[in-house]
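A.B. asks: coords please:
(3 chains)
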Amino acid sequence: MGDSSDQLSHRGLRLSQPRFSGLESGHRACQGCGEALGARLVTEAAGPDVAYANATGCLEVFTTAWPDSAWRVPWIHSLFENAPAVAAGMEAALKARGKTTRVISMGGDGSTFDIGFQALSGMLERGHNVLHVCFDNEAYMNTGIQRSSSTPHAASTTTSPSGKVRMGKRHLKKDIVSIVAAHHIPYAATSSVAYPSDIRKKVRRALAIDGPTFLHIHTPCPLGWGHDGALSIEVARLAVQTGLFPIIELERGRLAGSMPIRTVRPVTDYLQLQTRFRHLFADDARAREELEHLQALADHNIEVYNLRGTQPDSRDSEGADTVRRGGMRWA
Amino acid sequence: MQYALEGSQALARTVALCRPQVIAAYPITPQTHIVENLSKLVADGLLDCELVSVESEFSAASVVLGAVAAGARAYTASSSQGILLMCEVLYNISGLRLPMVMTCANRAVSGPLSIWNDQQDSMAVRDAGWVQLYCATNQEAVDTTIQAYLIAEQTELPVMVCVDGFTLTHTLEVLDIPDQQQVDRFLPPFNFDRRLDPTSPISIGTLVAPDFFTESRGDHHRALTNAQQAIVAAAAAWEDVCGRRQNPLLCVSDMGDARIGILTLGSIAGTLAAARDHFQSVPATRLMALRAFRPFPAEAIRHACEGLTDLVVLERALSPGSGGIVGTEVRAALSELQTAPRVHNFSVGLGGRDVPMDIYPRIHEAVRAGSGIPFDIIDLEPDKLPAAI
Amino acid sequence: MIEIRIHGRGGQGNVVAAYLLATAAFEEGRYAQAFPNFGAERRGAPVTAFVRIADRPIRRRCQVLEPAFLIVQDDTLLHLPDITAGLQDGGAILVNSTGDSAELGTQLKRTVVALPASALAQEILGRPVPNTALLSAFLALTGLLPQTALVKALGGRFHGAVLDNNRQLVEQAAAQVNAGAWQEGPHAVRA
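C.D. replies: Sure thing, here's the model as predicted:
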């Protein structure tokens, strides 16, 4: 092995590989923004022959302050509620014009789970050849941290604040991937910015499919979740390792795979890093009850999605999974 | 009692004082602080109401529609894109004669995307059949919100209280927030005759054939036109309770011997008032801040323009391809006069562009230059436009 | 009427500083107005806020174009080309910095007072939030309002030990500057 300056060293080879950059640096995201990382990984994996429809939210705001744009791909922002519908129109047009360009619809949890839900459902139902990517930071962040239906149970946001009579958001996090999967689309999956190669693999898998696909990526927001930007990856990983954010794949509505957790962590390890859950650590019976609820949710996910892994190679899901599919490694 | 409060915070407290039973909340800049402050009041047990965190503005309007139909006093707030998304519901609410109050934190409308203050959003729904009141200051926004419930419940019409986004909502200043007893004295509990009630079932929102639609719409138009009286009465009644002068339909600086007038809506009025005192060498000017835009107070405007040779209408919106919106309606109202002033119609401050004090001498310069152009965007900077081919 | 512009970075409490100053003025029976230079900004981006203080109701709603004073919450902002734009002749700048006042003054060609507000806050509050110290020093320099007004305003936001620490910080910061040095500012301070 030569040193890193040696072209033939592992590092040198890796550095010299061409890597498509769809989202350039110089944008205005906060330090540690999970969504910026997620968008970069998605555009990298998708390659240059893609057009994007982006819903209103942090991503479009921090990448396109006129007259600058951080995007190196064709990209359109219309409104908050219609990205999947705009994408459907783009797909129809490209198809009519006989083009190979693929279409990706991008939105946060606000647009995907709430205001753009109808447009998403319509796009999925009609079978458009579109991949919808949801960057899920679990609240309306760009407008200042208000709750969405993706906000986890008991999280404090400005419209579901903890207070004397309330313990944060009263309702559960909407199970979007199951709802999407119930449209019986060919492929729906979750991923997390703590697992970049998983994201890349899933983007390529989705784009290799002809038909509607859905990718739900967990993306921490340091400002909204209340942690240092430097901890974003660790926080994201803990969400997965506790079972609160399962990494799964569904095909035609049925569970096709899941990423097993090597060492399951208690939910408190994840929650205590974020000030949006700070009220759950008060000396209060209601807070203790909520912690139990969240642990129960995590335990339920682990059971339902088989996150402990029962296959013989339960610690190497990636390799086993690839072998089962009879394919090559993706990323 | 006086407090130093951000506009949104003051509005949230004011809404709470009106004892709403259902609030629909969906965030959109720059209204967010209003719903956030209300959420905090609920979370701390200080406001007893059903706060419904909806998934879009379309649903926000639909939730308050349902709430009022079922007999509850309701509130929501929105801006810009949200107002337009709920547009269909706004027409439905007013046509069904459901009384409620909504704050519109005025913001420009996409595209291009802008989060900053102009009045295109509320102007875009001026025909939706709502009462529209424009507030020039945060104190006026507080006072108007309370009066709005009385006006709404007396006239059975929904009221949109328009408050300049950011410029008012995000400005902290000294405000007087009334106490609960004052508001309770002024605003009786909501008792809606036509509510959905199993003991007296009615059907709301039925299909109406041409043989009756005209009468229904005509009745709506008449009610909204006559709402001027309720607006004036509510202002007088509230003035009695709070001791602060209220300007029901429009505020006129003075009816002195000025020959030039400037009419505007919203917070620009304050800057013009300060500018008038500051720029002493400019000819005497009569300032008018229009508060009621719907119903359109044509008679009051004609009266306010008595003796003027020139009237400038300064607005924070426009109708592309036509020109000013308020200016066009004012011109029409003044055409009834034997000697109508010449109307100079300008848009200014679109998309939140700051309107500095020197707008005042610039307006006078434009009037002096008297080009006869019916409409212009007075603060447009031509060198920013692409070169003409 | 006195107009002040406050420069900071998103996340440093730029708007809070403006609101506190205006609230302090209100506690002293003055009229006040404070607002941010509204924007969709994020943590770390340069932001500005404006404050007006007067003895009569303030009617104008436009941005402050010619401030009498600047308060700069982060000295890296001094590199911004237009940081002193509009500052009146005779106007002065208070900056959160461990640097030397005279040196900064020469650099910016203005009257500058540097105060290590973050360090003071770190010591007394345990967090490097510069607002309390900067505002206290500003009031001491200008004689605009007594420190008690600022403490009352802080009392609206903090309680118990945090408020006590802030009170201590107010005292210490005021002691670090030349009281009344800016009293003959561009506008008569009691407008």
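A.B. asks: low-scoring stretches of the chain, by residue?
C.D. replies: Let's take chain A. Scanning chain A with the threshold set as pLDDT under 70 gives A:1-7, A:13-17, A:309-331.
A.B. asks: right idea, wrong chain: chain B
C.D. replies: Looking at chain B by pLDDT under 70, you get B:372, B:388-389.
A.B. asks: residues from chain B in reach of chain C?
C.D. replies: Counting by C-beta under 8 Å from any C-beta of the partner chain, the residues of chain B close to chain C are B:2-4, B:6, B:29-30, B:115-117, B:164, B:166-168, B:170-174, B:267-268, B:270-271, B:273-275, B:352, B:354-357. For glycine as for every other residue, the C-beta is placed from the backbone atoms N, C-alpha and C.
A.B. asks: do chain A as well
C.D. replies: Within reach of chain C by C-beta under 8 Å from any C-beta, chain A has these residues: A:28, A:29, A:30, A:31, A:61, A:62, A:142, A:222, A:223.
A.B. asks: for the fourth one, what are its contacts?
C.D. replies: Residue A:31 is in contact with A:222, A:229, A:230, C:43, C:44, counting by C-beta atoms under 8 Å, 6 or more residues apart in numbering or on different chains.
A.B. asks: can you tell me how far it is from residue C:11?
C.D. replies: 10 Å (C-beta to C-beta, to the nearest Å).
A.B. asks: name the residues contacting each of those two.
C.D. replies: With C-beta under 8 Å, 6+ apart as the test, residue A:31 and residue C:11 both reach C:43, C:44.
A.B. asks: quick check, residue B:141 in contact with residue B:147.
C.D. replies: No - using C-beta atoms under 8 Å, residue B:141 is not in contact with residue B:147, being 10.9 Å away.
A.B. asks: so which helix or strand takes in residue C:71?
C.D. replies: strand C:69-72 (DSSP states H and E).
A.B. asks: distance from that strand to the middle of the chain?
C.D. replies: Centroid separation for strand C:69-72 versus its chain: 6 Å, with C-alpha atoms, centre = their mean, to the nearest Å.
A.B. asks: do stretch B:259-271 as well
C.D. replies: Relative to the centre of its chain, stretch B:259-271 is centred 15 Å away, using C-alpha atoms, centre = their mean.
A.B. asks: which positions in chain B make contact with chain A?
C.D. replies: B:25-29, B:32-33, B:35-36, B:39-40, B:42-45, B:53, B:55-57, B:81, B:85, B:110-113.
A.B. asks: next, the buried residues of stretch A:94-103.
C.D. replies: Neighbour-count burial for stretch A:94-103, counted by 16 or more other C-beta atoms under 10 Å in any protein chain shown, picks out A:94, A:101, A:102, A:103.
A.B. asks: now swap in stretch A:249-269 and tell me
C.D. replies: A:249, A:250, A:251, A:256, A:257, A:258, A:259, A:260, A:261, A:265, A:266, A:267.
A.B. asks: list phi and psi for the second one.
C.D. replies: The reference is to residue A:250. phi -130, psi 140 (degrees, to the nearest 10).
A.B. asks: which residues in the chain form strands?
C.D. replies: Because you didn't say which chain, this covers chain A. Remark: strands assigned in chain A by DSSP state E are A:50-54, A:75-77, A:102-108, A:130-136, A:187-192, A:213-218, A:248-251, A:254-258.
A.B. asks: looking at chain C here, not the other one
C.D. replies: Using DSSP E, the strands found in chain C span residues C:2-9, C:31-36, C:46-54, C:69-72, C:92-96, C:111-115.
A.B. asks: that older thread, out of the buried residues of stretch A:249-269, which is nearest to chain C?
C.D. replies: Of all those, residue A:267 has the smallest distance to chain C: 27.1 Å, by C-beta to the nearest C-beta.
A.B. asks: buried ones in stretch B:174-183?
C.D. replies: Of the residues in stretch B:174-183, those buried (16+ other C-beta under 10 Å) are B:174, B:175, B:177, B:178, B:182, B:183.
A.B. asks: got the residues of chain C near chain B?
C.D. replies: Residues of chain C lying near chain B by C-beta under 8 Å from any C-beta: C:18-19, C:22-23, C:26-27, C:31-36, C:38, C:40, C:58-63, C:65, C:153.
A.B. asks: so which of these belong to helices?
C.D. replies: The helices, defined by DSSP state H, take in C:18, C:19, C:22, C:23, C:26, C:27, C:153 from these.
A.B. asks: ok, now which ones touch the last one?
C.D. replies: Contact criterion C-beta under 8 Å, 6+ apart gives B:4, C:20, C:21, C:23, C:24, C:26, C:27 as the residues in contact with residue C:153.
A.B. asks: hmm, 6 Å instead?
C.D. replies: C:20, C:23, C:24, C:27 (C-beta atoms under 6 Å, 6 or more residues apart in numbering or on different chains).
A.B. asks: residue A:53 contacts residue A:85, doesn't it?
C.D. replies: No - the pair residue A:53 / residue A:85 is not scored as a contact, 8.5 Å apart, by C-beta atoms under 6 Å.
A.B. asks: how close does residue B:268 sit to residue B:30?
C.D. replies: Distance, residue B:268 to residue B:30, by C-beta to C-beta: 17 Å.
A.B. asks: typo on my end, residue A:153
C.D. replies: For residue A:153, the distance to residue B:30 (C-beta to C-beta) stands at 29 Å.
A.B. asks: tell me the two of the buried residues of stretch A:249-269 that are most distant?
C.D. replies: Farthest apart among these by C-beta to C-beta are A:251 and A:266. That separation is 31.6 Å.
A.B. asks: re the thing from before, neighbour count: residue A:153 and residue B:30, which is higher?
C.D. replies: More crowded of residue A:153 and residue B:30, by other C-beta atoms under 10 Å in any protein chain shown: residue B:30, with 28 against 17.
A.B. asks: skipping adjacent residues, who's closest to that one in space?
C.D. replies: In this structure, residue B:30 finds its nearest non-sequential neighbour in residue B:165, 3.8 Å apart by C-beta to C-beta, 6 or more residues apart in numbering or on different chains.
A.B. asks: residues contacting that neighbour?
C.D. replies: B:30, B:79, B:105, B:106, B:107, B:117.
A.B. asks: list the contacts for the first one?
C.D. replies: If a contact means C-beta under 6 Å, 6+ apart, then residue B:30 has B:105, B:165, B:166, B:169 as its contacts.
A.B. asks: can you rerun that using 8 Å?
C.D. replies: Per C-beta under 8 Å, 6+ apart, neighbours of residue B:30: B:8, B:79, B:105, B:107, B:115, B:117, B:165, B:166, B:169, B:170, C:38.
A.B. asks: let me know the closest of those residues to residue A:306.
C.D. replies: Closest to residue A:306 out of the contacts of residue B:30 is residue B:115 (44.9 Å), distances taken as C-beta to C-beta.
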